[in-house]
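*Asks:* Would you be able to build a 3D model of this:
(one chain, ligands or ions: 1)
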Amino acid sequence: MPKKKAHMYAFVQHGVNSHAPGMWRHPKDKVNWDWNRPAYWQHMGRTLERGFFDAIFVADELAPYSNVDGKSDESVKWALQCPVHEPSTIVPIITTATTYLGVGLTLSTAFEHPYSMVRRLSSLDHLSNGRIAWNMVSSYSKSEWDAYGQEMTMRYDRYARMEEYVDLCYKLWRSWEEDAIISDKASGVYADPAKVHEVNHEGTYFKCKGRSFVCRSPQGHPVLWQAGSSDRGRDFAAKHAEAIFAVHPTVERMREYTDDLDRRLVNKFNRRAGSVKRIYGLQTCVADTRAEARDKWERIKSCIPLAGALAWISGHFGPDFTKFKLNDCLQNIEIPGIQGLFESVIHSKGGAPVTVKEGALYYAQGMGMPLACGTAKDIADQMEFYMDEGGADGFMLAATYTPGCFEEFVDYVIPELQRRGRVRTKYRYTTLRENLLEPDDQAQPELKLVKGGRKNSNM
Ligand SMILES: Cc1cc2nc3c(=O)[nH]c(=O)nc-3n(C[C@H](O)[C@H](O)[C@H](O)COP(=O)(O)O)c2cc1C
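*Replies:* Take a look at the predicted model:
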């Protein structure tokens, strides 16, 4: 049986810093690069395409976190995902500098009507020739709701609204049939109105009456991604997503999630096990020797300010963690924020108690992702282990200093993975969906139907 190949993604924000606070102060961060300028994004795109990544994946939130003392001072002070510019603005810049690389966009459904969301995403899908993915989120942070002058709704309600949201998006994406455009100069008829359907939606949350303004885009609709991990979030992913992004600190947790998603796909939504790609987060640090990699990692960690780390976990998880004692146990704290990521922290020591300080610093190294630090061979070994034992279909790499961390991964680790037949050596398709799902790839492992779940060999 041919080995499964990893789908590679780079996790960034359209901002000065991504998902490891303090990295902007690393001496190698953005040397001679300005993240505010197109050249930086073009270079990032070309670097990742050189490494045959599926896509660059742009996270987003809509306002600075204000969980410490009810103010956003700490977010501003420590550059905690702040400043962050609008993510879709960099898409044409990246996709005109590349030919195959996709762009995953996190766009919140909370404050934008589906009609304009579809219009924006489909326009970008046209301009990129089918290289867009959409990470569907519903805004989990109170600061976002405050910024938009609205009362934050509960998780269940946010998912119910997002269900209807996506439902309406599908209707709009289907509005234009594939052969609706005739473009007959002799008769003057451009499109056949019988093949451009009017949407007439009256739901609990949205009303929409009209045809989509954007004709069918190369992918029909963007590749749908989801990163929720509550029970409700996993169901949503199993129903709608083509790929999920999750963070698990251990291979056991990956396996558990992989099997759980397969059971939901098969038992609840009549989809094949394995039909949703599982892309798991990974933080990497590569060097010629293990000792060098360790030193390098220590230097990276020394950039993380503890106060910034505490404020950042407060932003992602909800409570003001500066009010806890540093040696309080995290396992005892209830959180209203991103449950899935909180679990990556509380399981970071394999089930042993994790203190507030340990948890904050661990999380700040790359949003709770496991670390692969060592030579290219060490990192490739670890990735193979996560694929074979954890069920990973690919990896979302967190950033340290940029663009250097991605250049190094592409120069060191990708060739090692290619030698092992674990990543592609050329792009076979032009759209992101095809590169992700590889519809006619013989090397795809046989997809098994999972009914009762499988036994975890690591537990
Ligand atoms: C790995 C990961 C990455 C996420 N990235 C974002 C993001 O960039 N923007 C955002 O608004 N939410 C993000 N989220 C939040 C989720 O999309 C989701 O809205 C949140 O986890 C609440 O859903 P849940 O309760 O089902 O987990 C992320 C979550 C996870 C687990």
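*Asks:* for Ile346, what are its contacts?
*Replies:* Counting by C-beta atoms under 8 Å, 6 or more residues apart in numbering, Ile346 touches Leu330, Gln331, Val354, Gly359. Bear in mind the C-beta positions are built from the backbone N, C-alpha and C, glycine included.
*Asks:* again but with Ile56, I slipped
*Replies:* Counting by C-beta under 8 Å, 6+ apart, Ile56 has contacts Tyr9, Ala10, Val12, Met44, Gly45, Leu48, Ile94, Leu101, Gly102, Val103, Gly104.
*Asks:* that's a helix at it, yeah?
*Replies:* No: Ile56: not assigned to a helix; according to DSSP: H, G, I helix; E, B strand; the rest coil it is strand.
*Asks:* Helix, strand or coil: sort out the residue nearest to it when sequence neighbours are not counted for me.
*Replies:* Closest residue to Ile56 apart from its sequence neighbours, by C-beta to C-beta, 6 or more residues apart in numbering: Ala10 at 5.0 Å. Secondary structure for Ala10, judged by three-state DSSP, is strand.
*Asks:* Surely Ala10 and Thr402 touch.
*Replies:* No: assessed by C-beta atoms under 8 Å, Ala10 is found out of contact with Thr402, at 9.0 Å.
*Asks:* shaky segments in the stretch 351-459 of the chain?
*Replies:* For the stretch 351-459 of the chain, the stretches flagged by pLDDT under 70 are 440-459.
*Asks:* Which residue does it have closest to the ligand?
*Replies:* Nearest to the ligand in the stretch 351-459 of the chain, going by C-beta to the nearest ligand atom, is Met367, at a distance of 6.8 Å.
*Asks:* Let me see the mean pLDDT of stretch 60-79.
*Replies:* Here stretch 60-79 scores 97 as its mean pLDDT.
*Asks:* That stretch and the ligand in contact?
*Replies:* Yes: for stretch 60-79 and the ligand, the contact criterion (C-beta under 6 Å from any ligand atom) is met by Asp60, Glu61.
*Asks:* measure that stretch end to end?
*Replies:* Across stretch 60-79, the terminal residues are separated by 14 Å (C-alpha to C-alpha, to the nearest Å).
*Asks:* Write out the residues of the stretch 301-450 of the chain neighbouring the ligand.
*Replies:* Within the stretch 301-450 of the chain, the residues that sit near the ligand (C-beta under 6 Å from any ligand atom) are Ile338, Gln339, Gly340, Leu341.
*Asks:* And for the nearest residue to the second one once chain neighbours are set aside, the neighbour number?
*Replies:* Taking C-beta to C-beta, 6+ apart as the measure, Gln339 lies nearest to Ser230, with 5.2 Å between them; neighbours along the chain are not counted. Other residues within reach of Ser230, judged by other C-beta atoms under 10 Å, total 14.
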